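K.L.:
build me a model:
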Amino acid sequence: MKLASLKEGGRDGALIVVNRGLTKAVKVPGIAPTMQAALDNWAATEPALVKVFNQLQEGDVDGAFDFDPKQVAAPLPRCYHWADGSAYVTHVELVRKARGAELPASFWTDPLMYMGASDVFLGPCDDVPVENEDWGIDFESEIAVFTDDVPAGITPEQAQAHIKLITIINDVSLRNLIPAELAKQFGFYQSKPHTSFAPVAVTPDELGAAWDGGRIHLPLHSTMNGVKLGSPNAGVDNTFDLPRLISHAAKSRPLMAGAVIGSGTVSNVGSKDGSSCIAEIRCLETIADGKPTTGFMKFGDRIEIEMFDANGASIFGKIDQIIVRYHPPK
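P.N.:
Below is the predicted model:
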C-alpha cells in the first residue's frame with residue numbers, strides 16, 4: 001500500500017491512497033482525514049486503507065484522480081517526534097578520518113542519534129529555502145520509517161512490528177554551522193533545517209524481497225544538476241538496522257504514533273557506488289588530495305533522490321527540489 005498527503009485542508013494535509021504505479025490516487029476522509037489520524041488508529045485504519053488500495057489497483061474507485069507529486073506535502077506533513085540516527089558507521093568513520101580524528105569503539109555498538117525539527121516537513125517538490133550559501137548547504141539521502149505507538153524499553157526484535165510505513169528523505173544539513181554547534185557539546189539545532197520527504201510512504205510489503213525486516217536492499221540514487229553523485233545500496237554496510245534505531249530511541253521513553261526515525265546518510269565502504277551527500281565526497285577528496293575541491297550547494301542547484309525496485313519502477317516517487325534564497329522579514 002502507498003499513502004500520501006495532499007496539500008489541502010490545513011497543515012496536516014489530506015490523506016490519500018496512491019496506486020502502485022504512482023499514477024492514480026483517491027481521498028479517504030471516511031477512513032482517516034490525515035496520515036497522523038491513520039497512524040493513531042492503525043489497527044483499524046490499515047485494513048480499510050488496504051481495501052481501497054486494492055480497488056484502486058483494479059481501477060474500481062469512485063473519485064480517483066491523477067496523482068501529481070507537485071500537489072502533495074510530505075506523507076506526514078508534521079509529526080510529534082523526528083529522530084535521525086547514523087546507521088552507516090562507515091560514513092561517520094570517513095568523516096572523522098578526513099579531519100584526523102579516531103572513531104570511538106562505542107560508535108560500532110551504540111548508535112548516534114539526534115532529535116530534529118518535526119514541526120513541518122518539506123514536500124517532495126518544495127523548494128529548500130536557505131538564507132546564506134556560506135552556511136554550507138548539503139543534502140543527505142536516507143531511509144525513514146513511521147511507527148505506531150512504541151513502548152519504552154522495547155527490544156529491536158519487538159520494534160520491527162512497529163514499523164508501519166517506509167519512505168526516503170533528504171535530511172538537509174548546513175555543514176558550516178555544524179562545527180560551532182558541536183563544539184558546545186549540545187548537538188545539532190541551527191545546522192539542521194527542515195527535512196524533505198518523498199511523495200509517498202509505503203507499507204513494508206511493497207518492498208518485497210528487498211525488505212528483510214530492518215533494511216532495504218536496494219540502491220538509493222542521488223543526482224545533482226543532472227549529474228549522478230551516488231547510488232549506494234541501503235542494505236549494505238548498515239551497522240544498525242531500523243528496528244535497532246527504534247529500540248535506541250525508545251530506551252527511556254515511549255514513542256507516540258507517527259514518530260519518524262531516520263537511518264542517517266546511506267553509505268557503503270569505499271564509496272564505490274558514489275555518495276549520498278556532498279560532505280562525504282569532500283572527505284574522500286581530503287583523504288586523497290589533502291583538501292576538498294567539490295563545493296557545497298548553491299542557490300538554483302537541483303537535487304533529485306529516488307529508489308527503484310528490481311523492475312526499475314519508482315517505489316516512493318522522486319524527491320526533486322531546488323535550493324532557493326530565503327529572505328527574512330524586515
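K.L.:
which one is Val202 nearest to, not counting chain neighbours?
P.N.:
Lys2 (4.9 Å; Cβ to Cβ, 6 or more residues apart in numbering). C-betas here are computed from N, CA, C, even on glycine.
K.L.:
tell me where the stretch 151-300 of the chain has helices.
P.N.:
Under the criterion DSSP state H, counting those that start in this stretch, helices of the stretch 151-300 of the chain are mapped to 156-159, 178-183, 242-249, 278-289.
K.L.:
so in this structure, which helix runs the longest?
P.N.:
In terms of residue count, the longest helix belonging to the chain (DSSP state H) is helix 42-57.
K.L.:
what residues sit buried inside the lowest-mean-pLDDT helix or strand in the chain?
P.N.:
When the helices and strands of the chain are compared on mean pLDDT, DSSP states H and E, helix 89-98 comes out lowest with a mean of 83. By neighbour count with 16 or more other Cβ atoms under 10 Å, helix 89-98 contains the buried residues 89-95, 98.
K.L.:
turn those residues into TSV, including distance to Pro193.
P.N.:
Below are the buried residues of helix 89-98 laid out as TSV (distance: Cβ to Cβ, whole Å):
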residue	distance to Pro193
Val89	25
Thr90	26
His91	20
Val92	21
Glu93	26
Leu94	24
Val95	20
Ala98	24
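K.L.:
just these now: which is nearest Ser231?
P.N.:
Of all the buried residues of helix 89-98, Ser231 sits closest to His91, with 15.0 Å by Cβ to Cβ.
K.L.:
which residues does that closest one contact?
P.N.:
Counting by Cβ atoms under 8 Å, 6 or more residues apart in numbering, His91 touches 264-265, 267, 280.
K.L.:
6 Å instead, please
P.N.:
Contacts for His91 were tallied using Cβ atoms under 6 Å, 6 or more residues apart in numbering; they are 265, 267.
K.L.:
which residue ranges form the strands in the stretch 201-330 of the chain?
P.N.:
Using DSSP state E, counting those that start in this stretch, the strands of the stretch 201-330 of the chain run over 201-202, 221-224, 227-230, 260-262, 302-306, 319-325.
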